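Asks: Please find the sequence and the predicted model below.
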Amino acid sequence: MEFEQLLSGWKEELIEAEGVLEVMLILLLLRLLEGSEEESASEIKELLRSWLELGIPVPRVHLVNGDVLQNVIVVQLFDSVAVFKNATNQLRVSVPYVNIVSWGAF
């Protein structure tokens, strides 16, 4: 959700009920979180780039929802999505960077 959308969604009643300083603090925290998600996605993309270039299977990719992709090859890296291919049955899976928790042998 974009910061501008959040800002336009606030009602005057909320500001009166919560107080101006509290609302400003909430908006500031949301803005900081939005920026950190973008930075972490680009970091994940750069770290996965080496797996793409090597072409070797990643033993495990842990996702936010608890799913685990096993023995997958990084096929493509887009701005916000990584495409993995299962090494055995060639099944392709697209995963947003924000949904990747960790990857590797553990």
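Replies: Now that the structure is in, tell me what you want to look at. Numbering: from 1, shown residues only.

Asks: Mind listing the strands the top strand by length along the chain pairs with, and their directions?
Replies: When the chain is parsed with DSSP state E, its longest strand is strand 68-77. Partners of strand 68-77 in the sheet, by DSSP bridges, are strand 58-63 (antiparallel), strand 81-86 (antiparallel).

Asks: Would you single out the least confident of the ones you listed?
Replies: Ranked by mean pLDDT, the strands paired with strand 68-77 end with strand 58-63 at the bottom, a mean of 89.

Asks: buried set for that strand?
Replies: Judged by neighbour count using 16 or more other CB atoms under 10 Å, the buried positions of strand 58-63 are Val58, Val61, His62, Leu63. Every C-beta, even on glycine, is put in place using the N, C-alpha and C of the backbone.

Asks: can you check stretch 67-77 too?
Replies: Buried residues in stretch 67-77 (16+ other CB under 10 Å): Leu69, Val72, Ile73, Val74, Leu77.

Asks: what's the average pLDDT for that stretch?
Replies: Confidence over stretch 67-77 (mean pLDDT, whole number) is 92.

Asks: Next up, the contacts around Ile56.
Replies: Taking CB atoms under 8 Å, 6 or more residues apart in numbering as the criterion, Ile56 is in contact with Ile73.

Asks: Dihedrals phi and psi, it?
Replies: Dihedral angles of Ile56 (phi, psi; degrees, to the nearest 10) stand at phi -100, psi 150.

Asks: again with Ala87
Replies: Dihedral angles for Ala87 - degrees, to the nearest 10 - are phi -70, psi -20.

Asks: Run a quick neighbour tally on it.
Replies: 14 (other CB atoms under 10 Å).

Asks: So it sits against Pro59, correct?
Replies: No - with contact defined as CB atoms under 8 Å, Ala87 does not reach Pro59; the gap is 10.4 Å.

Asks: List the residues that are in contact with both of these two.
Replies: Shared contacts of Ala87 and Pro59 (CB under 8 Å, 6+ apart): Asn71.
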